[in-house]
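Asks: Structure for the following, please:
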Amino acid sequence: MTARVSINSSECFACGLCYVLAPDVFVEGPEGKAELNPRYRSGSPYEGLVPDELVPEAVRGMMTCPVKAIDVVEEGA
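Replies: Modelled structure (predicted):
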């Protein structure tokens, strides 16, 4: 099972909480805004699929985002 992660870059204001608390999933982009770790990207730095073992970390990043700019949706069964 995997999870689709998407980051709304226009909402992100570069607080850094997600990439500090979930560093295997999120990284700091050029302007300090959150991006998905390059290993998990699907063409864009703001979306992709993370493996099952990183879903809890992705959710932690989503839950700590003060502007709710991150979505995590589990896929598969």
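Asks: Need the single longest helix in this structure, by residues.
Replies: As assigned by DSSP state H, the longest helix anywhere in the chain is helix 55-64.
Asks: From the rest of the structure, what touches that one?
Replies: Helix 55-64 is contacted by residues 1-3, 5, 17-19, 21-22, 24-26, 34, 50, 68, 70-72, 74 when judged by CB atoms under 8 Å, 6 or more residues apart in numbering. Yep, even glycine has a C-beta here, placed from its N, CA and C like the rest.
Asks: So, low pLDDT: which residues of the protein?
Replies: Applying pLDDT under 70 to the chain flags the ranges 77.
Asks: Just give me how far stretch 40-59 sits from the chain centre.
Replies: How far stretch 40-59 lies from its chain's middle: 6 Å, per CA atoms, centre = their mean, to the nearest Å.
Asks: Okay, buried residues for it please.
Replies: Buried residues in stretch 40-59, counting neighbours by 16 or more other CB atoms under 10 Å, are found at Tyr40, Pro45, Tyr46, Glu47, Gly48, Val50, Leu54, Val55, Glu57, Ala58, Val59.
Asks: Using the three-state scheme, assign the second one.
Replies: Put simply, Pro45 is coil when judged by DSSP: H, G, I helix; E, B strand; the rest coil.
Asks: which residues touch it?
Replies: Listed by CB under 8 Å, 6+ apart, the contact set of Pro45 reads Gly29, Glu35, Leu36, Pro38.
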